[in-house]
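J.: Got a predicted structure plus its sequence, pasted below:
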Amino acid sequence: MNQPSGNKLPHVTTRRMLDMKQRGEKIAMLTAYDYTMARILDRSGVDAILVGDSASNVFAGHNTTLPMTVEEMIYHAKAVVRGVQAETRRAMVIVDMPFMSYQLSPEDAVRNAGKIMKEHECDAVKMEGGKVIAEAVKRITDIGIPVMGHLGLMPQSIYKYGSYKVRAMEEEEARQLIEDAKIIEEAGAFAIVLEKIPSKLAGEVSRSLTIPTIGIGAGPECDGQVLVINDMLGLNNEFHPRFVRRYADLSSVIEQAVKNYVDDVRSNSFPSEDESY
Ligand SMILES: Nc1nc(=O)c2c([nH]1)NC[C@@H]1CN(c3ccc(C(=O)N[C@@H](CCC(=O)O)C(=O)O)cc3)CN21
Ligand SMILES: CC(C)C(=O)C(=O)O
Ligand SMILES: [Mg+2]
């Protein structure tokens with residue numbers, strides 16, 4: 001059935017993600033921040049595209065994700081949604097709620113989640129935290145907005161941790177994480193990102209939940225994986241923690257192409273007659 005707007009719903013839905021977990025099919029997610037990249041990702045068959053607040057680092061050049069605003073997230077999300085709509089709209093588009101857009105109160109969280117959902121046609125929002133944000137997660141899912149959780153290393157809390165080291169290495173924090181995962185599932189989340197925690201713990205959490213876990217630096221026992229697109233394409237080679245697998249070396253490709261262009265301009269070999277009117 002066609003939507004009244006003429007826009008299609010995504011092929012991958014929260015329901016489909018749950019089915020994938022039950023069938024043991026892994027979920028492949030990547031981040032994107034713009035139209036061009038979103039088109040390529042959707043065409044390539046990725047299951048979900050995360051408009052991450054990592055845009056703060058890789059797009060805007062900040063040191064942390066904290067400066068990102070709701071308006072900036074919406075700007076990126078709109079571009080990404082246009083990208084998947086230009087393709088088959090297969091992938092789900094999930095948008096990170098930025099720092100301080102859901103921590104203040106459940107009311108504020110609902111307002112901001114609603115704003116993010118209303119301004120474009122993304123499919124879900126993502127929020128970092130356990131017990132503390134459970135009420136907000138429940139309120140947001142209750143009004144019909146799918147929520148993805150995010151536990152383990154939570155970059156919006158980096159000033160509390162003081163480093164990007166592996167989380168939940170100790171018994172107490174691991175126990176807390178298992179409990180938080182359960183709480184976020186019960187609050188209504190459809191999936192949970194597990195960032196930079198031991199594989200064994202991620203496996204335990206994945207088996208204890210009905211909803212899928214999406215890991216980043218959390219080992220092979222998660223129900224899916226996510227990476228920042230710039231990292232996996234080798235666009236910023238300075239950032240290379242062990243959980244990043246580099247599938248391309250695009251920074252070298254771009255550097256060489258730009259060098260060639262600069263040489264061609266300087267030597268007057270670009271543009272040619274064919275490239276002129
Ligand atoms: N480009 C990029 N990729 C990411 O995965 C990412 C972002 N940015 N920004 C938001 C968060 C922050 N994330 C991070 C940041 C650092 C490490 C990390 O492993 N850093 C150091 C180790 C730090 C330590 O052990 O003290 C490293 O090995 O590079 C991991 C995830 C994940 N997210
Ligand atoms: C690393 C992923 C999970 C994320 O939250 C982001 O890109 O902002
Ligand atoms: Mg994020």
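T.: Now that the structure is in, tell me what you want to look at. Model, not experiment: these values are computed from the prediction. Ligands and ions are numbered 1, 2, ... in the order given.
J.: what comes up buried for the strand or helix carrying A174?
T.: Element membership for A174 (DSSP states H and E) is helix 171-187. By neighbour count on 16 or more other CB atoms under 10 Å, the buried set for helix 171-187 is 174, 177-178, 180-181, 183-185, 187. Every residue, glycine included, has its C-beta placed from N, CA and C.
J.: In a markdown table: these, plus pLDDT and distance to E71.
T.: Supplementary listing: the buried residues of helix 171-187 in a markdown table, determined by pLDDT from 0 to 100; distance: CB to CB, whole Å:
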| residue | pLDDT | distance to E71 |
| --- | --- | --- |
| A174 | 98 | 37 |
| L177 | 98 | 32 |
| I178 | 98 | 36 |
| D180 | 98 | 29 |
| A181 | 98 | 31 |
| I183 | 98 | 30 |
| I184 | 98 | 26 |
| E185 | 98 | 31 |
| A187 | 98 | 26 |
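J.: picking up where we left off before, so what does the helix holding A174 touch, helix or strand wise?
T.: helix 134-142, strand 147-152, strand 191-195, helix 199-208 (3 or more CB pairs under 8 Å, 6 or more residues apart in numbering; DSSP states H and E).
J.: Redo the ones you listed as JSON lines? Include mean pLDDT.
T.: Listed next are these as JSON lines, based on pLDDT from 0 to 100:
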{"stretch": "helix 134-142", "mean pLDDT": "98"}
{"stretch": "strand 147-152", "mean pLDDT": "98"}
{"stretch": "strand 191-195", "mean pLDDT": "99"}
{"stretch": "helix 199-208", "mean pLDDT": "98"}
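J.: Looking at the ones you listed, spot the one closest to I229.
T.: Nearest to I229, of all those, is strand 191-195, at 15.3 Å by CB to CB.
J.: Need the contact partners of the closest one.
T.: Applying CB atoms under 8 Å, 6 or more residues apart in numbering, the contact partners of strand 191-195 are 14, 17, 27, 126, 148-155, 167, 181, 184-185, 202, 205-206, 209, 211-218, 222-224, 226.
J.: ok, now how distant is the residue nearest in space to the middle of the chain from ligand 2?
T.: The residue lying closest to the centre of the chain (CA atoms, centre = their mean) is L50, at 2.8 Å. Per CB to the nearest ligand atom, to the nearest Å, L50 is found 6 Å from ligand 2.
J.: what about that residue, is that helix, strand or coil?
T.: strand (DSSP: H, G, I helix; E, B strand; the rest coil).
J.: if I look at it, how far off is ligand 1?
T.: Using CB to the nearest ligand atom, L50 is found at 11 Å from ligand 1.
J.: quick one: that residue and M29 touch, right?
T.: Yes: the pair L50 / M29 is scored as a contact, 5.8 Å apart, by CB atoms under 8 Å.
J.: Now do the shared contacts for the two.
T.: Common neighbours of L50 and M29 (criterion: CB under 8 Å, 6+ apart): 94, 226.
J.: Quick one, grab the pLDDT at V93.
T.: V93 carries a pLDDT score of 98 in this model.
J.: Contacts only, for it.
T.: V93 makes contact with 10, 38, 48-49, 51, 77, 80-81, 84, 121-124, according to CB under 8 Å, 6+ apart.
J.: out of those residues, which are inside helices?
T.: In this view, these that belong to helices under DSSP state H are 38, 77, 80-81, 84.
J.: Could you identify the most distant pair in those residues?
T.: Longest distance between any two of the ones in helices among the contacts of V93 is 10.8 Å, between A77 and V84; criterion CB to CB.
J.: what residues does the chain put near ligand 2?
T.: Counting by CB under 6 Å from any ligand atom, the chain comes close to ligand 2 at 31, 50, 52-54, 96, 193, 195, 216, 226, 228.
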